[in-house]
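>>> make a model of this:
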Amino acid sequence: MAASHNFWFVWRVPTLLGLLTVFGLLAALLGTGAWHWASWLAMALPLGVIALCLTLPSKRQRP
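Predicted coordinates for the structure are as follows:
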């Protein structure tokens, strides 16, 4: 398997969540009105993903 395929397979979701967080921070700092709602949504979505990952059972087998 190609190294670039492994890279994007592993880092695709963390990169998207990071970009979403940066968008949320910039929207909160630079915008008003609807931008504040967009920033709340952009900042809450990564927290929702974290909560979802913590509550779902792991697929890995533990020794």
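
>>> what are the ranges of the helices in this protein?
Using DSSP state H, the helices found in the chain span residues 3-30, 34-55.

>>> will you turn these into TSV that also has mean pLDDT and mean neighbour count?
The C-beta positions use only the backbone N, C-alpha and C, and glycine is treated the same way. Output for the helices of the chain, formatted as TSV (pLDDT from 0 to 100; neighbours: other CB atoms under 10 Å):
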stretch	mean pLDDT	mean neighbour count
helix 3-30	91	12
helix 34-55	94	13
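
>>> ok, now which ones touch residue 33?
The contact partners of residue 33, by CB atoms under 8 Å, 6 or more residues apart in numbering, come to none.

>>> kindly state the pLDDT recorded for it?
pLDDT for residue 33: 93.

>>> quick one: contacts for residue 27?
Shown in contact with residue 27 (CB under 8 Å, 6+ apart): 35, 36, 38, 39, 42.

>>> and those, which is closest to residue 24?
residue 42 (3.1 Å; CB to CB).
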